[in-house]
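Undergrad: could you work out the structure for the sequence below:
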Amino acid sequence: MKKRIEELDFLKCVFIILMIVFHLVYIGDKYPYAKQLVYTFHMPAFLLISGYLVSISKKPLAFFRTMGWIFVPYAVMESGYIVMSSILPVRDGVDELSLTVWTDKLFLHPLGPYWYLHTLMLCSTTYYLLDRVGRRWLKNTLSFSIVLALCLAVESTVLHISSLPHVLYFWGGIMLRRCNLSFTAFFKTSWWGILPFIWLSANEQNLNCFTWGGVAMVYLAISMGLTVYPSIPGKLRDACLYIGRNTFVILVFSPIFTVITKSFVSFFSFDTSGMCFLIVSVSFVLAGSFLIAWCMDRCKVSRFFWGKERMLQ
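TA: Below you'll find the model as predicted:
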């Protein structure tokens, strides 16, 4: 899978933008039902894609080097988030900063949006190690999938270092790849998918990714994204694919700018819908994230932060 799958980059673009939108406190508070609806599918879908794309074909040194260069930006930004949450009025922040609290949040129970990177590293490493250790005695896909699911479930329910729904969606993406199923073929495209999606979203009990209704909504959301993709005009498509190729950058730096956007609210008091604030804020977050990454590339410090000479793709 050395060649990028454009449809997946488009989906990643859609879901990362939805993440930004509802990390804007003003929008989340103004549209709580929409926030609950989007939270049902956007990160589960992202985890499915991540599980599908994870590669275990590398030799141990190369694989753990890759994990290490995910850990570096994660550790830097999560540490900053932990410190700031002890100072600023952040939801679910820490009351008192200490080495014990910092260690717990960094390695076991991350704060804020960086939980995704923690889950990505944890699930990828578990998958890689099980494949290496168990390839001789877990020769068929069914037995491997069961043991992998059990390992991930133990990490969630016994060790409490991850979320069970999140790791199972990641596991689902792994299984799609493991069974040699095409992601774009498994999620059937159809404009009719909007009807069952609306019907499911009308029932608040379905707004949970760990229910059958929530699973169906994740499937339908991905299918609708793939249905829309061929209709996107060329210039807009190129922009979407660029965002999709650089979601790591956005995920790492966006919290810096979503905090700043709180100061924008008063400037858009004339717009009671909040849409002007939303458009300006999302554009600001994206531009700011790309600007930092561009400066790091130009100043040749990306290799120390990302492990690459150039991060923006």
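Undergrad: would you list the phi and psi of N203?
TA: phi -100, psi 120 (degrees, to the nearest 10).
Undergrad: check it and give its pLDDT.
TA: Note on N203: pLDDT of 94.
Undergrad: what about it, distance to A34?
TA: 15 Å (CB to CB, to the nearest Å). (Each C-beta comes from the backbone N, C-alpha and C, glycine too.)
Undergrad: ditto for C209
TA: Counting by CB to CB, the gap from C209 to A34 is 16 Å.
Undergrad: more neighbours: which of the two?
TA: Legend: neighbour count by other CB atoms under 10 Å for C209 and A34, higher for C209 (23 against 15).
Undergrad: can you pull the pLDDT of that one?
TA: pLDDT, read off for C209, is 95.
Undergrad: isn't it up against P165?
TA: Yes: applying CB atoms under 8 Å, one finds C209 in contact with P165, separated by 5.3 Å.
Undergrad: can you list residues touching both of those two?
TA: P44 (CB atoms under 8 Å, 6 or more residues apart in numbering).
Undergrad: now stretch 150-164 - C-alpha only, CSV.
TA: Output of stretch 150-164 as CSV, limited to C-alpha atoms (Å, rounded to 0.1, in the frame of the first residue of the first chain):
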residue,chain,number,x,y,z
LEU,A,150,-8.8,-10.2,23.5
CYS,A,151,-5.4,-8.5,23.9
LEU,A,152,-6.9,-5.1,23.1
ALA,A,153,-9.9,-5.8,25.3
VAL,A,154,-7.6,-6.6,28.2
GLU,A,155,-5.8,-3.3,27.7
SER,A,156,-9.1,-1.5,27.9
THR,A,157,-11.1,-3.4,30.5
VAL,A,158,-8.4,-4.7,32.8
LEU,A,159,-5.5,-2.3,32.5
HIS,A,160,-7.8,0.7,31.7
ILE,A,161,-5.2,2.3,29.4
SER,A,162,-7.5,2.7,26.4
SER,A,163,-11.2,2.9,25.4
LEU,A,164,-12.8,-0.4,24.5
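Undergrad: buried sites along it?
TA: For stretch 150-164, a neighbour-count test (16 or more other CB atoms under 10 Å) marks C151, L152, E155, S156, I161, S162, S163 as buried.
Undergrad: and stretch 98-111, how far out from the chain's middle?
TA: 20 Å (CA atoms, centre = their mean, to the nearest Å).
Undergrad: where in this protein is pLDDT low?
TA: Within the chain, the segments meeting pLDDT under 70 span 1-2, 89-92.
Undergrad: contacts only, for F41.
TA: Neighbouring residues of F41 by CB under 8 Å, 6+ apart: C209, G214, M217, V218, A221, I222.
Undergrad: please report how far G193 lies from V147.
TA: Counting by CB to CB, the gap from G193 to V147 is 34 Å.
Undergrad: swap in L278?
TA: 44 Å.
Undergrad: pick out whichever of these two has more residues nearby.
TA: Comparing L278 with V147 by other CB under 10 Å, the one with more neighbours is L278, at 20 against 14.
Undergrad: the more buried one contacts Y31, doesn't it?
TA: No: using CB under 8 Å, L278 is not in contact with Y31; the gap is 9.6 Å.
Undergrad: was I right about H23 contacting S254?
TA: Yes: H23 is in contact with S254 according to CB under 8 Å; the separation is 7.0 Å.
Undergrad: tell me where the chain has strands.
TA: Counting by DSSP state E, the chain has no strands at all.
Undergrad: how many neighbours does R178 have?
TA: When neighbours are counted by other CB under 10 Å, R178 comes out with 18.
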